[in-house]
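Asker: Quick one: sequence plus predicted model below, questions after.
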Amino acid sequence: MMPHARTFVAVVVLGLSLGACAGRKTEITGSVLPDYRERHPIVLTEAPRSLDIYAGARQLDSRQSSDLAAFAAEYRTHGRSQIIAEVPTYDGRSTAGHHGLHAVRSALSHNGIAGSVVQVRGYPAPDHTIAAPIRLSFAKLQAQVPHSCGHWPDDLGTSNWRVSAQNTSYWNFGCATQNNLAAFVADPLDLERGRPEGRIDTVRRMTAIEKLRAGQDPSTTYRDTATRINQSVGN
């Protein structure tokens, strides 16, 4: 074989070996992912938002009227379906007229919810002597962790030396934090993308520009009139 032929073969073999190495992916052999955000991701899903209304006297008290007003406001902002009103039934007969459905409809209408948005259904109540609520619900985009917390697949002690020697976080670590963050966020879309930029303060911007044109400092000086702790309390 000629020298240049041997060189060509060597280059091809080296290239194939490097290509094989580049095509391999790094695999995590442990059973627990290293990042709690990967183990307990926050996902967006359509979940029901519900409210139970007890209106046995055909009227709503101030507490339930406030709850219903907040429920209607939330529906106007985040509602993604009709409002389902489930009324209790006893022996297959609906008692909606005796359980304040008219009062609920009136309250929803007063808070900007048209009657055509409300779909009435029945559900079997266990006993007519027990107060059964009118169950209101609608689909809402919500952020949540797709599984429950509190699972402990491994012992946190030293009973499993192989797991302890890995020096990694336990499976349940970060799950409660992710659940709380998902529950606290007002708009789940904020976890997906940022909001559009709002309107600028034109008056403030023009004031700063006029000061710059006049050769003045455009910064704002804030006067602190609060009393310091060391001035009001002796050492």
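Answerer: Sure thing, it's come through.

Asker: Show me where the protein has its strands.
Answerer: 43-53, 83-90, 93-94, 118-124, 134-144 (DSSP state E).

Asker: okay, the ones you listed in TSV with mean pLDDT, distance to Gly198 and mean neighbour count next?
Answerer: Where C-beta positions appear, they are placed from N, C-alpha and C, glycine not excepted. What follows is the strands of the chain, written out as TSV (pLDDT from 0 to 100; distance: least, C-beta to C-beta, whole Å; neighbours: other C-beta atoms under 10 Å):
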stretch	mean pLDDT	distance to Gly198	mean neighbour count
strand 43-53	93	23	14
strand 83-90	90	31	19
strand 93-94	62	49	12
strand 118-124	91	35	13
strand 134-144	94	22	19
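
Asker: List the beta-bridge partners for the spatially most central residue of the chain.
Answerer: The centre of the chain sits closest to Ala143, judged by C-alpha atoms, centre = their mean, with a distance of 2.9 Å. Beta-bridge pairing for Ala143 (DSSP bridges): Leu44.

Asker: Is it in contact with Leu44, as I believe?
Answerer: Yes: in this structure Ala143 lies within contact range of Leu44 using C-beta atoms under 8 Å: 5.7 Å.

Asker: Mutual contacts of those two, please.
Answerer: 188, 191 (C-beta atoms under 8 Å, 6 or more residues apart in numbering).

Asker: Nearest spatial neighbour of Ala125, chain-adjacent residues omitted?
Answerer: Pro88 (3.6 Å; C-beta to C-beta, 6 or more residues apart in numbering).

Asker: Just grab the bridge partners of that neighbour for me.
Answerer: Beta bridges link Pro88 to Tyr123, judged by DSSP bridges.

Asker: from the chain's centre, how far out does stretch 73-88 sit?
Answerer: 18 Å (C-alpha atoms, centre = their mean, to the nearest Å).

Asker: could I get it in PDB with only the CA atoms?
Answerer: What follows is stretch 73-88, C-alpha atoms only, in PDB (Å, rounded to 0.1, in the frame of the first residue of the first chain):
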ATOM      1  CA  ALA A  73     -64.600  37.900  38.700                       C
ATOM      2  CA  GLU A  74     -62.200  35.000  38.400                       C
ATOM      3  CA  TYR A  75     -64.400  33.500  35.800                       C
ATOM      4  CA  ARG A  76     -64.400  36.700  33.700                       C
ATOM      5  CA  THR A  77     -60.600  36.700  33.800                       C
ATOM      6  CA  HIS A  78     -59.700  33.100  33.500                       C
ATOM      7  CA  GLY A  79     -62.800  31.100  32.600                       C
ATOM      8  CA  ARG A  80     -62.300  28.700  29.700                       C
ATOM      9  CA  SER A  81     -65.700  26.900  29.700                       C
ATOM     10  CA  GLN A  82     -69.300  27.300  30.800                       C
ATOM     11  CA  ILE A  83     -70.100  27.500  34.500                       C
ATOM     12  CA  ILE A  84     -71.600  24.200  35.600                       C
ATOM     13  CA  ALA A  85     -74.200  24.500  38.400                       C
ATOM     14  CA  GLU A  86     -74.800  21.100  40.000                       C
ATOM     15  CA  VAL A  87     -78.000  21.100  42.200                       C
ATOM     16  CA  PRO A  88     -78.800  18.300  44.700                       C
END
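
Asker: Could you pull out the buried residues of stretch 166-186?
Answerer: Neighbour counts over stretch 166-186 (16 or more other C-beta atoms under 10 Å) mark 171-172, 174-175, 178-179, 182 as buried.
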